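Colleague: the following comprises the amino acid sequence and a computationally predicted model.
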Amino acid sequence: MGSSRPVLITATLAAALAGAALLTPAATAAPGRDEPRPHPVREGGGRDTGPARAPASTAANALDTASDRQARTGGYPRETTLDVPPVNPDDKSIKLGLAPYHSLAPRLNALQQLGDRVSVEVAGHSASGHELYLVTVTAPESAAQAREQERMRERIENAPAAAAGDRRIAAAYKTPVFINNNIHGNEWEGTDAALKLIEELAKANDARTADLLAKNRIHLNVTANPDGRIAGTRANAGGFDLNRDFITATQPETRAIRRIAIEKQPAVMLDLHGYVNGTLIEPTTPPHGENYEYDLFLKNAYANALGMEKAVNGLGYTPDKDGVRPAVIPFRDEKEGWDDWPPIFTPQYMPFHGAVASHTIEFPMRVNNRDYDALPAAELRRRAAVNTDIAGAAMRATLDYTHTHRTSVIADQIETFRRGAAGEAQRPVSEETVPGVPGIGPEDVYTATFPRAYVIPAGRSQRSAVAAARLVDHLLANDVRVEQARTPFRLQGRAYPAGSYVVDMHQPKRGLANVILADGRDISADVSVMYDISGWSLGRLWGATVATSVSAAPRVPTRTVHAASPTGRVAPYGDLRLRLDDPKEIAALNSLLAQGVRVRRANDGSAVVPGSARGAARVLADRLGVAFDRVDGHGTTALHRTRVAAAVTPGELFALREMGFAVVPVSTDVLNAGFDWSSVDALFVSSDLDHAKLTPAARAAFDASGVTVVGLGGQGAAFNAAASLLEVTAVAGNGDANGVVRVANAGGPITGGAPAHTFVYSPGWFTGLGSGVRAEQSYGSGNPLVSGHWRAADDGKGGPTDAAGRASIVSGTSKAGAPVVLFGTEPLFRAHPKGVFAQIGRALLTR
């Protein structure tokens, strides 16, 4: 993590990220929560703006979920002879004196030979195909003993009331601890600290280590981001910040960690990062995630943080001698700016799978970005050694806490699951409910009102069957229980057909079910600014209809769902209608067009496929789950394969490829170098393309191209204005605002059939629409924000009421006759709001 939120950085660049020089702070004691102190700053906040350059293979690898599946067999140790990759002298770790990726496999192979405590498994693969190494350190277990551990783990989750009184669990269950390293590739040192810890535990012959390993399993993800470690980048090879990908899980590295969370069920978890000086140790400032059992979490997280703080400060590093400030615990020392509200970060996702203490740890001495290039190698290595030392101290303190408090840690994990299964209310945090944690106030109290059930309808009650299936499969992938009704039923006055899905909220992981399906809440009044996204509802943004039952679960016979029912179908005769409301439907269309099928567009934006292509349609219906229904009309406009020049973010590039578009990444530099516009049909602009910086030749070439232009956000609007495409005035809302908003769709080719909600980050809208410019979508009336954080700026402008009723998507034709569509919303944000992807897809198909 580290440094880039504009609102916070001016106050904190010198203080929170002061790894660039040896600094002498005015005081060595950490200030209290009520004392003024600059905010800590995380790197990566705000709307994604970096250019997308990932090769298409990374998207293909990310979309392939089968290759990462691993079996759980046998006892411990589970020795794996790892394949050794070729030596890579360009690995960025080498300059820092740290372990390059190619050295990990031989080192782990050697560690497995030190005794009978170390196991290594391949947990998955990165976006570019590198292996992810999961190490388990524990006392040996026979296959029978390992099976017993698994039975106890399942009992804790699935029968928590019984597990609470199970003496065998209390006596023999090994507490799982998970240490995740290097998820940001250019925050390296956790990997090296983990390797040292593994070797120490493998070699130690003292009684305490033997007892530690007899009563705990220590799981270490050696590097969660090999692509970034090698390249020295925060993101993986697909350009994704993996520590923003939880809850959506687009990337294979994230899905591997999700499987570890489900299969290992860690009670305590660390996520190692850099660089905040002094060492930042969670728990966090408000707002706190409302779906946690936060009283159980805070009790353990705060106590463990104190132990880590003592261990880190006890290393003896000082501001004067080493440039290292004392450790900071945001919950205690800060008022806001480092929250645990969104479930997109690894430690904020883990509690939903039973972690009763999970922490981001930020070591202090910056060695990445500008420092990596500017500082002497000797200074970089000194800093990296300090960071490795601090990471190791945090790891060892966490193991000490878990071992010492093993009984209560396991009991609290069981209680977390028991409350969910029983449908009990959460316990608001206070100094009475969480004794030993000082300074708890009303600003720390966040609880949810869980509904009794969610229903995802089937049949005609469902807006999009393929979207419903995707949502159900995503719930299952996150270990949420889903049932399917065997017969029709009624619930709260509404009829549902057989086949509808039911999420009974009396289940152990109700918090995760709710975080996925619920609307969320408007927290604009709670804090002045949020670090990252504040609203994310998949129930609103993934394209499916989701109904909430507040007080009753349906009384209907059900079956347990292991995979969503197939949704693909093809009408047996006549021409075929393919709705274009979902990214899979856009992908099916692009496949048909690539095969040379002559498809036409209907007035409502759907596609009309000739009956002669029924064979190709059957293949796509089976592969993608899309429906081809019979249609009588023949469509009005021919659709053509659209090749896209895209100046976009990595998430947008991924989403375009997910929809099957042929994409060529471009930028200002690419266009200035001379670009063959005859090779593309559309230009999509959201990032890294500045019309004002184009050479006269590049501008002339674009002007003559006649391509469709789709612009998104501030850069898209600026390109439109500079190129004099559409006569509109773009208005920028508060740049920090984000969340789920209500919208009104005009229908037609771009927003016909679109959901009534979308996602915004740095929202914008359009006024002064000129002749021929059409409002395709507008923000809802009143306050359009459903969930998230959207305040007016300091000047009182840019708030949600300013946006109410204003056009959020506009379309028209440029003076040269080319179609132009502008978006003030974020339909492709980090490849997340899948139910609104199709708006971009439809816009690109406009000719």
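Modeller: Yep, that arrived. Residues are numbered from 1 along each chain as shown.

Colleague: output the below-cut-off pLDDT ranges for the protein.
Modeller: Filtered on pLDDT under 70, the chain yields the residue ranges 1-53, 59-73, 461.

Colleague: how much space between the most centrally placed residue in it and residue 109?
Modeller: By CA atoms, centre = their mean, the mean C-alpha position of the chain lies nearest to residue 245, the distance being 1.8 Å. The spacing between residue 245 and residue 109, counted by CB to CB, to the nearest Å, is 30 Å. All C-beta atoms are positioned from the backbone trio N, CA, C, and that covers glycine.

Colleague: ok, residue 315 next?
Modeller: From residue 315 to residue 109 the distance is 31 Å (CB to CB).

Colleague: as a check, name the ranges of all helices in the stretch 101-250 of the chain.
Modeller: 101-111, 143-158, 160-164, 167-172, 189-203, 207-215, 226-231 (DSSP state H, counting those that start in this stretch).

Colleague: to residue 617, which of the ones you listed lies closest?
Modeller: Across the helices of the stretch 101-250 of the chain, the minimum distance to residue 617, taken as CB to CB, is reached by helix 226-231, at 37.1 Å.

Colleague: following element in sequence after that closest one, please.
Modeller: helix 252-264 (DSSP states H and E).

Colleague: return the list of helices and strands in contact with that following helix.
Modeller: strand 118-125, strand 131-137, strand 175-181, strand 216-221, helix 346-349 (3 or more CB pairs under 8 Å, 6 or more residues apart in numbering; DSSP states H and E).

Colleague: can you lay out the ones you listed as TSV showing mean neighbour count and distance to residue 420?
Modeller: Formatted as TSV, the helices and strands packed on helix 252-264 follow (neighbours: other CB atoms under 10 Å; distance: least, CB to CB, whole Å):
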stretch	mean neighbour count	distance to residue 420
strand 118-125	22	27
strand 131-137	23	27
strand 175-181	26	19
strand 216-221	25	23
helix 346-349	26	16
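
Colleague: how much space between residue 662 and residue 126?
Modeller: To residue 126, residue 662 is 25 Å away according to CB to CB.

Colleague: more neighbours, these two?
Modeller: Set residue 662 next to residue 126 and count neighbours by other CB atoms under 10 Å: residue 126 wins out with 30 against 16.

Colleague: and residue 771, which of the three is it?
Modeller: coil (DSSP: H, G, I helix; E, B strand; the rest coil).

Colleague: give me the number of residues near it?
Modeller: 6.

Colleague: equivalent analysis for residue 719, please.
Modeller: 24.

Colleague: closest to residue 750 out of the helices and strands packed on helix 252-264?
Modeller: Closest among those, once you apply CB to CB, is helix 346-349, at 34.2 Å.

Colleague: next one: the closest one to chain centre, how far?
Modeller: 10 Å (CA atoms, centre = their mean, to the nearest Å).

Colleague: can you pull the buried residues of the helix or strand following it?
Modeller: Following helix 346-349 in sequence order, the next helix or strand is strand 357-363 (DSSP H and E). Residues of strand 357-363 classed as buried: 357, 358, 359, 360, 361, 362, 363 (neighbour count, 16 or more other CB atoms under 10 Å).

Colleague: closest to residue 490 among those residues?
Modeller: Nearest to residue 490 among the buried residues of strand 357-363, with distances taken as CB to CB, is residue 358, at 41.3 Å.

Colleague: hang on, residue 363 packs against residue 391?
Modeller: Yes - look at residue 363 against residue 391 with CB atoms under 8 Å: they come within range, at 5.7 Å.

Colleague: shared neighbours of those two, anything?
Modeller: Shared contacts of residue 363 and residue 391, defined by CB atoms under 8 Å, 6 or more residues apart in numbering, comprise 189, 272.

Colleague: from the chain's centre, how far out does stretch 423-443 sit?
Modeller: Averaged over its C-alpha atoms, stretch 423-443 has a centre that lies 28 Å from its chain's centre (CA atoms, centre = their mean).

Colleague: quick one: end-to-end distance for that stretch.
Modeller: By CA to CA, to the nearest Å, the extent of stretch 423-443 from end to end equals 25 Å.

Colleague: buried residues of it, list them for me.
Modeller: 426, 428, 429, 434, 437, 440.

Colleague: same thing with stretch 280-288?
Modeller: Result for stretch 280-288 [16+ other CB under 10 Å]: buried residues 280, 281, 282, 283, 284, 285, 286, 287, 288.

Colleague: max pairwise distance over those: which two?
Modeller: 281 and 287 (19.2 Å).

Colleague: what does stretch 481-500 contact?
Modeller: Stretch 481-500 has contacts (CB under 8 Å, 6+ apart) with 453, 455-461, 472, 475-476, 501-504, 507, 509, 513, 547, 549-552, 554-561, 565.

Colleague: stretch 800-809 too?
Modeller: With CB under 8 Å, 6+ apart, stretch 800-809 has contacts from 731, 733, 737, 741, 743, 750-751, 758, 763-767, 769, 775-785, 790, 792, 821-825, 839.

Colleague: mark which of those residues are part of helices, please.
Modeller: 750, 751, 839 (DSSP state H).

Colleague: tell me the one of those nearest residue 371?
Modeller: Among these, residue 839 lies closest to residue 371 (CB to CB), at 41.1 Å.

Colleague: verify the stated contact: that closest one with residue 752.
Modeller: No - counting by CB under 8 Å, residue 839 stays clear of residue 752, with 9.9 Å between them.

Colleague: those two: which has the busier surroundings?
Modeller: Neighbours were counted for residue 839 and for residue 752 using other CB under 10 Å; residue 839 has more, 29 against 21.

Colleague: quick one, what contacts the more buried one?
Modeller: Contacts of residue 839 were listed using CB under 8 Å, 6+ apart, and they are 750, 751, 754, 758, 777, 809, 823, 827.

Colleague: neighbour count added to those residues, as CSV?
Modeller: Formatted as CSV, those follow (neighbours: other CB atoms under 10 Å):
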residue, neighbour count
750, 27
751, 27
754, 25
758, 30
777, 23
809, 28
823, 29
827, 25
